[in-house]
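what shape does this take:
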Amino acid sequence: MELTDDVASKKNPPPIEPRNKVDLLGMDREMMAAYFIEIGEKPFRATQMMKWIHQMGVSDFDEMTNLSKALREKLKPLAYIRTPKIIAEQYSEDGTIKWLLEVDQKNAVEAVFIPEKNRGTLCISSQVGCALECSFCSTGQQGFNRNLENWEIAAQMWAANKALGCKPKEERRISNVVFMGMGEPLLNVKHTFPVARILMDDFAYGLSKRRVTISTAGVVPAIDKIKAELDVSLAISLHAPNNALRDELVPINKKYPLEVLIPSLYRYVEGGHSKKHVTIEYVMLDQVNDRVEHAHELVVLLGELPCKVNLIPFNPFPNTDYTRSSNNAIHRFRAILEEGGLNVTVRKTRGEDIDAACGQLAGKVSDRTKRTVHHVEFDATARHDVLNVLKGVP
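Now for the predicted structure:
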């Protein structure tokens, strides 16, 4: 394991945020086109700008040579491209890389690159901390500060490509992006969805819908919005086959219990031009949710839902009471699911030696919830639901 502090201090000095300037990094194509129209330019400038920012990794208007000098000079007092600061970089023995990115003076979030033989996956964060308090997740124990803005989410992809030394237009090392880092993406729809569009835009990163995955603990109204507005891949952090156990492990279940969540998954896969499935994430906790009866319950719960079950060996973190299921328990659980007709994989643990494995991301969070006074600033579509969950309202 190698740790490099302030690895990007020379290449990426802390940006000074210009007053009254518009940040272009987090704009999807529709937003970008609207901006150029607003300043009296043609909307096609949006595609040029997106190529420079995302495909070529350029943040200096002077380097954008296919823009006229007049336009470049016009943009300088009006707009900028806010580049992220990587304050730490860690390398795992298995090739996984974890970056800690500063988002403000008190907070930092983590992004993880997982290289494999035929693909490279980037796991990105959507919030500073997480308010859902899933008991087996390190992020959930760190508290919650705020939602990440568009640019702060998009910056993780931008910074990862920079750190890997590649330009997406010339060399694609990141082939998949998963919103599985810090936070609950569907409690930050306002900022998560535009970034997902950037990832899939042919003038930016050009990833296919099946290579962009949003993971959620089960925010049902936003699952319906995914189908209506994005149609990306969907993963559900299920982790329990019944409401009593899921209430304990994933408290948002009190707001959206299984009898509400599961029908939303059927709605997600219905219709469309291509066959879709849902990835079901299930962390394996010793003597908690890994028993034979749990496996049989899960078979019945998922029924005919087109899905793939991903069994995740628990990754420990400081001060947790949980332990990882034994290999025998995991294999037994898998066998029961497969006998029930389910497609099952067991996730290979990656980056555990640098705390980059599933459930281990913590970042640096100035907790605003204090765990006793839950004053949470979410976007308007999610605020009511989450505050009810935090207050224990079913």
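
point out where this structure drops to low pLDDT.
Applying pLDDT under 70 to the chain flags residues 1-19, 140, 272-274, 350-394.

could you redo the last one with a cut-off of 50?
Low-confidence segments of the chain (pLDDT under 50): 1-16, 356-357, 359-365, 367-394.

what about the longest helix in it?
When the chain is scanned for its longest helix (criterion: DSSP state H), the result is helix 150-164.

report the distance from that helix to the chain centre.
12 Å (C-alpha atoms, centre = their mean, to the nearest Å).

helices or strands up against it?
strand 85-91, strand 97-102, strand 108-115, strand 120-123, helix 189-200 (3 or more C-beta pairs under 8 Å, 6 or more residues apart in numbering; DSSP states H and E). (Glycine included, C-beta is placed from N, CA and C.)

could you dump the ones you listed into TSV and include mean neighbour count and distance to Gly271?
Putting those into TSV (neighbours: other C-beta atoms under 10 Å; distance: least, C-beta to C-beta, whole Å) gives the following:
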stretch	mean neighbour count	distance to Gly271
strand 85-91	20	42
strand 97-102	22	38
strand 108-115	24	32
strand 120-123	22	28
helix 189-200	23	19
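
for the ones you listed, which one sits closest to Leu75?
Among the helices and strands packed on helix 150-164, the nearest to Leu75 by C-beta to C-beta is helix 189-200 (19.1 Å).

so which of the helices and strands packed on helix 150-164 gets nearest Ala33?
helix 189-200 (12.4 Å).

may I have the strands that pair with the helix or strand just after that closest one, each with its orientation?
Sequence order places strand 212-216 as the next helix or strand after helix 189-200, per DSSP states H and E. Here strand 212-216 is paired, per DSSP bridges, with strand 176-179 (parallel), strand 233-237 (parallel).

picking up where we left off before, between the helices and strands packed on helix 150-164, which one is closest to Arg45.
helix 189-200 (16.3 Å).

and the spatially most central residue of the chain, how far from Pro115?
Centroid-nearest residue in the chain, with C-alpha atoms, centre = their mean: Phe179, separated by 1.8 Å. Distance of Phe179 to Pro115, given as C-beta to C-beta, to the nearest Å: 19 Å.

one step back: so which of the helices and strands packed on helix 150-164 is nearest Lys254?
Lys254 sits nearest to helix 189-200 of all the helices and strands packed on helix 150-164, at 20.8 Å, using C-beta to C-beta.

distance between that closest one and the chain's centre?
Averaging C-alpha positions (C-alpha atoms, centre = their mean) puts helix 189-200 11 Å from its chain's average.

got the angle between it and strand 212-216?
160 degrees (axes from the mean of the first three to the mean of the last three C-alpha atoms, to 10 degrees).
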